[in-house]
Each structure stands twice: as C-alpha cells, then as structure tokens.
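Peer 1: Sequence and predicted structure, then a few things I'm wondering about:
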Amino acid sequence: MICKKCNKKHDGSFGNGLFCCMNCAKSRILSIETKIKISEGLKKSYNEGRRSRIKSEESKNKLSLTLKKQYKNGERKSPMLGRHHTIKTKDKLSKLFLGKTFKERYNKEKADIIRKKISKSSKGREPWCKGLTKETDDRVRKMNELKKGSIPWNKGLTKYNNDILMKISENQIGRKCSKETIKKISNSLLGLTGNKARNWRGGIAYEPYDKGFNNNFKRLIRKRDNQICMLCLIHRERLNKSLCVHHINYDKKMSIPENCISLCNACHMKTNGNRKHWSPFFQSLLSEKYNYQYENNLPIINLEVKNDK
C-alpha cells in the first residue's frame, strides 16, 4: 500500500491504511465539507451513546442500594466529608433558594420526583423530638422561645382564599385514619369526659335555646347574610348542608339578629375555642355591614319596645 501523503510503501497496519504513520495522518488537509461530515458523525455517535446509557429504574435502585451500603461500610466516603462551605457560598445558596419552592427551583417533573423521594424516606421514621419537652431538652426549649411572638403563616387564611390550603384540603379528601391511629386517639381521650374535658364549660351545651330560635328565625339570618358564611365567604350552593346560625356572645337565650351570624360548619367549629377573640370580631363585622351598635359585648337595642311590637 502507498501512503497518500509521502507516497511511500507501507504494510497498512497503521489506522485504516491510508497513511503510513501519525505525522502523515496529522499533516493531511481536509476540506470544509469533510470537516462538517466528521463533526456531524461524531455528534450522532455521542447522542446515540448517551441514549444507550440511560438507566432503567431497576438499575437506578440497584446503584442507589450499593452506594448506600458502601457509605455505611466506609468503603466510599462523601467528597464533602470534613469539608465545609465558606460563608460566601452559604450566603449565595441561601439567596438563590430563599422563598422558592421545588417547582420554582426546578421544573414540575423534577419537583414531583423530589417530593416523592422525601415522602418515601420519611415514612416509618420517628421524629427527633418525640417524647421531648422544653423542660427536658434544650433544643425544644430554644425552638419554643423563638416561636414566641411570631405570627403563623396561615393566620386568617382559609382554603377558599389560599391556594396552598386548598391543595392540602384536596389531598386529604378520601383519606381515612388507620385502625392503629384510631385506637391511639381513643385511648388518649379515655376518661376525658364531662368536667375532665378540656373544652368543658359547665354543661352549657345542654341548655335549651329560647323560643325565638326557630327555623323561621334561622332562615331570616341566612337571607340577611345572602346565604354566605361570614367568615370564609363560601356560598350555600357549595356546601352539603345549610349554614349554621351562631350566637355571637354565646348566650342561647339572646336570639336576635344583632347577636346571630351565618357560618359554615367548619367555621362554626372554630368558634368553640378562643371565645374572647370571636365575640368582638363578629360584632365589629356586623357593625360595619349592618350598622349594628354594641357595648360591653352586648348589642345596644331596646328589648322592651321590640317585645311589645
């Protein structure tokens, strides 16, 4: 065979037999067309190689298990073991991810994968603070001190005016507690009845309402409030049952429009606690909407004139 560069005879053992040595092969002059063909061919082969290297889920799981075993046994060590980020890099990372969700950091598909991985890894794990109190552990005490005075992010929000709470409520639809959790709840509440219950108020729940608190009066209050819950603003059409009529100052024998308000069942349950907050809150709401007047947690009306009428 004859070399295309130096025209010397050779045995064809080098490369594809076109050149006799490396120097002759390097010194060849290629046209632009051939260079483009070579680059395209290299790109194709690289992409095909990448496609062939895409791992299945089984192989990924096997790799992850082997890596976990190696880390546990000490065969493999983390590259960050014994090393720490500098203050500058920590600031950059905190600014980069501050206030961003997984969806905002990455795309939607990757965010869903990360969430699933976190939920799988957290299943069956016991929380680090289980059985600890602020009296027995310094970490719990510090966290409790930091939370004092801080306003919770969901204060005043409901599922009807916040997307996050709406998603949480939708995810809870159809979910049922396991038999073990039901037993735990029942065991924790055993014996906490009557005056031992935390919401016990002397048995006022069994007190009768006055005669004026009938179906006609309830319809009148609901009609006045346009069939809307005055707390979360949900309409009657979106509910499975009619709106509850709540006594603002918790006096069952004062069934008058100035002391009653329409609430959905969920909001009505909220009013069982923190009564000092709800009474003035609803009174200010009705005074703004209907110009009712109140003084010392009672509506300013002439009851004698009203009864005569």
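Peer 2: Nice, thanks for sending it over.
Peer 1: So the chain: which segments form each domain?
Peer 2: Domains of the chain are assigned by automatic domain parsing as 1-40, 210-308.
Peer 1: just the ones you listed: most buried one?
Peer 2: domain 210-308 (a mean of 15; mean count of other C-beta atoms under 10 Å). All C-beta atoms are positioned from the backbone trio N, CA, C, and that covers glycine.
Peer 1: Might you list the low-confidence residue ranges for the chain?
Peer 2: The model of the chain has pLDDT under 70 over residues 15-16, 26-30, 46-54, 198, 297, 300-309.
Peer 1: What ranges does it have for its helices?
Peer 2: 22-26, 32-52, 57-73, 87-97, 102-105, 108-122, 138-147, 163-172, 179-188, 215-224, 265-270, 275-290, 303-308 (DSSP state H).
Peer 1: between the domains of the chain, which one is nearest to L81?
Peer 2: domain 1-40 (41.5 Å; C-beta to C-beta).
Peer 1: How far does that closest one stretch from one end to the other?
Peer 2: 30 Å (C-alpha to C-alpha, to the nearest Å).
Peer 1: want to throw the domains of the chain into CSV with distance to I185?
Peer 2: Shown next, in CSV, are the domains of the chain (distance: least, C-beta to C-beta, whole Å):
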stretch, distance to I185
domain 1-40, 67
domain 210-308, 17
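Peer 1: In CSV: the helices of the chain, plus distance to N195.
Peer 2: Below are the helices of the chain laid out as CSV (distance: least, C-beta to C-beta, whole Å):
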stretch, distance to N195
helix 22-26, 98
helix 32-52, 72
helix 57-73, 54
helix 87-97, 51
helix 102-105, 48
helix 108-122, 40
helix 138-147, 29
helix 163-172, 33
helix 179-188, 18
helix 215-224, 31
helix 265-270, 21
helix 275-290, 18
helix 303-308, 33
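Peer 1: So for N259, which of those helices sits nearest?
Peer 2: helix 275-290 (8.9 Å).
Peer 1: quick check: angle from that closest one to helix 215-224?
Peer 2: 70 degrees (axes from the mean of the first three to the mean of the last three C-alpha atoms, to 10 degrees).
Peer 1: who's in contact with the nearest residue to D137 once chain neighbours are set aside?
Peer 2: Leaving aside its sequence neighbours, D137 sits nearest to C129 (C-beta to C-beta, 6 or more residues apart in numbering; 7.4 Å). Contact analysis of C129 by C-beta atoms under 8 Å, 6 or more residues apart in numbering lists 137, 139-140.
Peer 1: and with 10 Å instead?
Peer 2: When the contact criterion is C-beta atoms under 10 Å, 6 or more residues apart in numbering, the partners of C129 are 137, 139-140, 143.
Peer 1: Can you pick out the most distant pair from these?
Peer 2: Top of the distance list for those (C-beta to C-beta): D137 and M143, 9.4 Å.
Peer 1: wait, isn't T101 in contact with D112?
Peer 2: No: T101 lies out of contact with D112 (C-beta atoms under 10 Å); the separation is 11.8 Å.
Peer 1: Who has more neighbours out of the two?
Peer 2: Ranked by neighbour count (other C-beta atoms under 10 Å), T101 and D112 place D112 first, with 13 against 10.
Peer 1: wait, isn't that one in contact with K103?
Peer 2: Yes: assessed by C-beta under 10 Å, D112 is found in contact with K103 at 8.7 Å.
Peer 1: now P79: how far from Y71?
Peer 2: 12 Å (C-beta to C-beta, to the nearest Å).
Peer 1: Between these two, which is the more surrounded one?
Peer 2: Shown here are P79 and Y71; by other C-beta under 10 Å, Y71 has more neighbours (13 against 7).
Peer 1: what sits against F14?
Peer 2: 1, 3, 20-22, 24-25 are the contacts of F14 under C-beta under 10 Å, 6+ apart.
Peer 1: please redo it, this time with the cut-off set to 7 Å
Peer 2: 20-21 (C-beta atoms under 7 Å, 6 or more residues apart in numbering).
Peer 1: separation between it and K35?
Peer 2: 22 Å.
Peer 1: repeat for F281
Peer 2: 78 Å.
Peer 1: Then S94?
Peer 2: 47 Å.
Peer 1: One more: S284?
Peer 2: 80 Å.
Peer 1: and what of K218?
Peer 2: Plainly put, K218 is 87 Å away from K35 if you go by C-beta to C-beta.
Peer 1: Repeat that for K241.
Peer 2: Counting by C-beta to C-beta - K241 and K35 are separated by 77 Å.
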